[in-house]
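Undergrad: when you get a sec, could you give me coordinates for this:
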Amino acid sequence: MKKEYTIKDLLVLLLGKVWYIIGASLICAFLALFVSKFVMSEKYESHISMYVKSADAQPSGQDKTNVDLQDINASKSLVQTYIVILTDDPVMNEVSDKLLEMYSPEELSKYFTVTSGRVSKSGLRNAYNMTAVNQTEVLQITATTTNAKLSADLCNIMAEVAPSFLIRVVGAGSVEKIGDAEVYNTPVSPNVTKNTALGFISGLMLSALVILVIDFFDNTVKDSDDLGETYQKPIVGEIMNIGGKLSKKDNGSSADRKKKLLLNNKEIPFNVVENYKTMRTNLMFTLSTTRNKIVVVSSPNPSDGKSVTAANLAVSMAETENRVLLIDADMRKPVQHRNFRLKNNVGLSTILSGESTFEKCVHENKNGNFALLTSGVIPPNPSELLASEKMRELLELVQQKYDYVIIDGTPLLPVTDVMGLADEVAGVLLVARYGKTTFSEIEESMKKLEIANCNLLGFVLNDISAKKGSHYGYKYNYKYKYDYGYRYGGKETKDTSAEN
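TA: Numbers count the residues shown, from 1 in each chain. Here you go, the predicted structure:
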């Protein structure tokens, strides 16, 4: 899916990750600080200046006003020539010899490579930096090493050997040093403050870039408007995340699971209750033109939130004084009996196998407006049972008893059980999980429904995160996170995160 960004979109995206950006920036700043203080070696710098005179320049004792412009330009030209000569190998060898008169090879080996009784020419060249000061006839020689005295000695040695080389090679002009190089015990690098600031800025830019790249290649559903416009199907519901996690010891069988249900639960956030009421109204309008009022709630993958969504939708519809039946048709990994804390020894599977009747298996509340048919014992052939004649007879029966029938189906991508109900239901309500379900998974699920000639009533975007800066942060003023799901066909997880 092609993404288009506006300046506002980029700002909203970055604001939504502002704490990650700040955290990454601080980490990079700390690393830069650590490296600067404890890893990088301190370097010391010293310098010496030399005045370059052309051959035709006036004597040094004569009035400077008599020095014409031509002499100055000639001296500037000589400066560049002198720089080339002073960095050549013979000069470096001479510097090496002078240096070895002042230091032992062992001492110099701490700062340069010393082989065959001579200091490495490349190492010496790297220690020197020669420039013309502001394009003038003044040549400045700078030496930088990890020893303050050594840096000053390098400058003084170069000032000593330079004149003889320059006069001999060039044969024109002369140089005079302006004082001697001094020892500066204040290190010139690393600049801890500067490096820390650069680390912070680098972390800021890098983290922002990573967020933008990840979002660009993120193919998950994060906007109901995009979902509806892409597939030209209505958005029946947008459900915020509820909150809460299952404890490790109950393995999903305690009252913690019931905290996700609207039924007799005063702790469900108000905005989530309103989300379901809105979805209920939208679904009732959608079903007003269908041949029956039987709806399958499914999703592309397990843990997208279909089961709790189906349960809460059924409970919400029952609050309008309609008679509503919830059927757990996921006979591979059933959860509705745990949602409502009921036994599952009889249910849909025992009815379809002829071992029991609907009246003996259904569970109704006191008011009679809400009923639940659990899955029953897990059968070896769930797909065949759902596509059987007995299933069609059961659906005809419940249509006469209830105003609406909500079926909690299996996920579409792992198995094909839902396809067997295509001819008997008004359609499928497809639940997508915010930030988890991808557009490609939606497309594959729709292809399966199309092949089975099963009507897609619309989408429900579930587990919407309302973090600051999120697209939905402007719609809702709440922040929750829930964990309620299961791994299909495997062990139930202790932190089941989206069965909402």
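
Undergrad: CA atoms for contacts and neighbours, from now on please.
TA: Fine.

Undergrad: pull the number of nearby residues for residue 37.
TA: Neighbourhood size, residue 37 [other C-alpha atoms under 10 Å]: 14.

Undergrad: now it, nearest residue through space, not along the chain?
TA: residue 192 (6.8 Å; C-alpha to C-alpha, 6 or more residues apart in numbering).

Undergrad: and the one you found, how many residues sit next to it?
TA: Residue 192, neighbours per other C-alpha under 10 Å, totals 15.

Undergrad: next, the contact list for it, please.
TA: Applying C-alpha atoms under 8 Å, 6 or more residues apart in numbering, we find residue 192 in contact with 32-33, 36-37.

Undergrad: could you let me know which of those residues ends up closest to residue 410?
TA: residue 32 (52.2 Å; C-alpha to C-alpha).

Undergrad: number of nearby residues for the closest one?
TA: Using other C-alpha under 10 Å, residue 32 is surrounded by 21 other residues.

Undergrad: assess the claim that it and residue 199 are in contact.
TA: Yes. Assessed by C-alpha atoms under 8 Å, residue 32 is found in contact with residue 199 at 5.4 Å.

Undergrad: per-domain residue ranges of the chain.
TA: In terms of domains, the chain is parsed into 7-40+190-215, 44-178, 221-474 (source: automatic domain parsing).

Undergrad: first vs last residue of the first one, how far apart are they?
TA: I take that to be domain 7-40+190-215. The straight-line separation of the ends of domain 7-40+190-215 (C-alpha to C-alpha, to the nearest Å) is 15 Å.

Undergrad: residues of the helix or strand hosting residue 445 that come out buried?
TA: Under the criterion of DSSP states H and E, residue 445 resides in helix 439-451. Residues of helix 439-451 classed as buried: 439, 441-442, 445-446, 448-449 (neighbour count, 16 or more other C-alpha atoms under 10 Å).

Undergrad: could those residues go into TSV alongside pLDDT and distance to residue 286?
TA: What follows is the buried residues of helix 439-451, written out as TSV (pLDDT from 0 to 100; distance: C-alpha to C-alpha, whole Å):
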residue	pLDDT	distance to residue 286
439	94	23
441	95	24
442	95	20
445	95	21
446	94	18
448	93	22
449	94	18
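
Undergrad: would you turn those residues into JSON lines with distance to residue 272?
TA: Below are the buried residues of helix 439-451 laid out as JSON lines (distance: C-alpha to C-alpha, whole Å):
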{"residue": "439", "distance to residue 272": "25"}
{"residue": "441", "distance to residue 272": "26"}
{"residue": "442", "distance to residue 272": "24"}
{"residue": "445", "distance to residue 272": "26"}
{"residue": "446", "distance to residue 272": "27"}
{"residue": "448", "distance to residue 272": "31"}
{"residue": "449", "distance to residue 272": "29"}
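
Undergrad: name the nearest of these relative to residue 389.
TA: Using C-alpha to C-alpha, the buried residues of helix 439-451 come closest to residue 389 at residue 449, 20.7 Å.

Undergrad: right, and the closest one touches residue 443 too?
TA: No. With contact defined as C-alpha under 8 Å, residue 449 does not count as touching residue 443 (9.9 Å).

Undergrad: related to what we said a few turns ago, nearest to residue 184, out of the domains of the chain?
TA: When these are compared by C-alpha to C-alpha, domain 44-178 sits nearest residue 184, at 6.0 Å.

Undergrad: ends of that closest one, what's the gap?
TA: Distance between the two ends of domain 44-178: 21 Å, counting by C-alpha to C-alpha.

Undergrad: likewise for stretch 322-339?
TA: Stretch 322-339 stretches 21 Å from its first residue to its last (C-alpha to C-alpha).

Undergrad: so for the helix ranked longest in the chain, what gets flagged as buried?
TA: Ranked by number of residues, the top helix in the chain under DSSP state H is helix 192-217. In terms of neighbour count (16+ other C-alpha under 10 Å), helix 192-217 has its buried residues at 195-204, 206-208, 211.

Undergrad: so who does the most centrally placed residue in the chain touch?
TA: With distances taken as C-alpha atoms, centre = their mean, the residue of the chain nearest its centroid is residue 211 (5.0 Å). Neighbouring residues of residue 211 by C-alpha under 8 Å, 6+ apart: 14, 17.

Undergrad: burial of residue 367, as a residue count?
TA: Residue 367: 10 neighbours (other C-alpha under 10 Å).

Undergrad: again with residue 183
TA: For residue 183, using other C-alpha under 10 Å, the count is 17.

Undergrad: my read: it touches residue 152, true?
TA: Yes. Under the criterion of C-alpha under 8 Å, residue 183 makes contact with residue 152 at 5.5 Å.

Undergrad: now tell me which helix or strand of the protein has the poorest mean pLDDT.
TA: When each helix and strand of the chain is scored by mean pLDDT, DSSP states H and E, helix 255-258 comes last, with a mean of 49.

Undergrad: that helix: what's the following helix or strand?
TA: That would be, after helix 255-258 and using DSSP H and E, helix 270-287.

Undergrad: and the helix or strand just after that following helix, what does it pack against?
TA: Per DSSP H and E, the first helix or strand lying C-terminal to helix 270-287 is strand 294-298. Applying 3 or more C-alpha pairs under 8 Å, 6 or more residues apart in numbering; DSSP states H and E, one finds that strand 294-298 contacts helix 306-318, strand 404-408, strand 427-433.

Undergrad: and the last one, which strands flank it?
TA: In other words, strand 427-433. With DSSP bridges as the test, strand 427-433 is paired with strand 294-298 (parallel), strand 456-464 (parallel).
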